[in-house]
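J.: predicted model and sequence below, questions to follow.
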Amino acid sequence: MATGDDTVFVNPPLRKAPHSVYLRKGGLEGKGQVNNLYFACRDCKTYIDAGYRWAYWQLEEAGIVVRGEEVNVEAVLAARDYWNPPQDGNSRWLCEEVFPPLRKFLHDHKSHQVVFGEEDDFAPPGDEYFDWMQVGYQPIPTPRYLVDVLGIKSWEQVHEYMEKQKTPPPWWEVTWLGDPSPQEKGRQKFEELVRKKHGM
Ligand SMILES: [Zn+2]
C-alpha cells in the first residue's frame, strides 16, 4: 500500500476549476480532469466528498469500495486506516473538514443505496445534475443547496450570494453556452424548488 508517499494527502487544488462540474455534464465538450471522489446516496440524491487521493488509496485500492458500485457502509465505517491518517499538517483537512460531515452522512444514509465514485458514476449527464446536492466539505452550491441548506428564496439573493463567492460554480458562470444556458437551467430548477418549498 503506497501510503508512505505524502502526496496522497495533497489538498485538492483543482476542486472548483472550470470544467470540473457542469461542463462534463449535459453532453458538452470536455471530460473533467479532476478526480474528485464521493459517496453518493441514490435515494436522497445527495453526495459528499470522500477525501480525494486518500479515499482512492485507502478505500478503492484497498478493495473496500468499487467505483460506481453500491457501498457496504459498515465496511467503510470499519476501515481503520482510512479514518486514521498520520496526524500532520497534510491530513488536517481530512480530519477536521472531510471526516466529521462524512461520518454523519454514512450513518444517516446507512440503510439507503450509497455508491462510491466520481460524479459521472452516479449523477447521469444532463439536466438531472440539478437534482443532486453536494453536502459536507466544500459543497458546490447547486440550486437544491441554495434553497434547502442556505434558505435562499429569491433569484436576487442568489446573485448576491454568488457575487461573494471566490469561485462560483461553473453552472452559474456559464451564461453564454446553450439555450437555455446552464445558468438559466439552474434558475428554472431554483424557482421550481422555491415554489415547492414556500408556495411562492
Ligand atoms: Zn439517503
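T.: In hand now; what should we look at?
J.: please save the CA atoms from stretch 163-173 in CSV.
T.: What follows is stretch 163-173, C-alpha atoms only, in CSV (Å, rounded to 0.1, in the frame of the first residue of the first chain):
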residue,chain,number,x,y,z
GLU,A,163,-21.1,37.7,-6.1
LYS,A,164,-19.4,36.9,-2.8
GLN,A,165,-18.0,33.6,-3.9
LYS,A,166,-14.4,33.5,-4.9
THR,A,167,-15.1,30.7,-7.4
PRO,A,168,-18.8,30.5,-8.3
PRO,A,169,-19.8,27.1,-9.6
PRO,A,170,-19.5,26.5,-13.4
TRP,A,171,-23.2,26.2,-13.9
TRP,A,172,-23.5,29.8,-12.6
GLU,A,173,-20.7,31.2,-14.7
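J.: how far off centre is that stretch?
T.: In terms of Cα atoms, centre = their mean, to the nearest Å, the centre of stretch 163-173 is set 15 Å apart from its chain centre.
J.: what mean pLDDT does it have?
T.: Averaged over stretch 163-173, pLDDT sits at 91.
J.: quick one: end-to-end distance for stretch 79-91.
T.: Start and end residues of stretch 79-91 are separated by 16 Å (Cα to Cα, to the nearest Å).
J.: in that stretch, what's buried?
T.: Tyr82, Trp83, Pro85, Asn90, Ser91 (16 or more other Cβ atoms under 10 Å). From N, CA and C alone the C-beta is placed, and that goes for glycine too.
J.: and the gap between the residue lying closest to the last one once chain neighbours are set aside and the ion?
T.: Residue nearest to Ser91 in three dimensions, not counting chain neighbours: Pro85, with 3.9 Å by Cβ to Cβ, 6 or more residues apart in numbering. Plainly put, Pro85 is 26 Å away from the ion if you go by Cβ to the ion, to the nearest Å.
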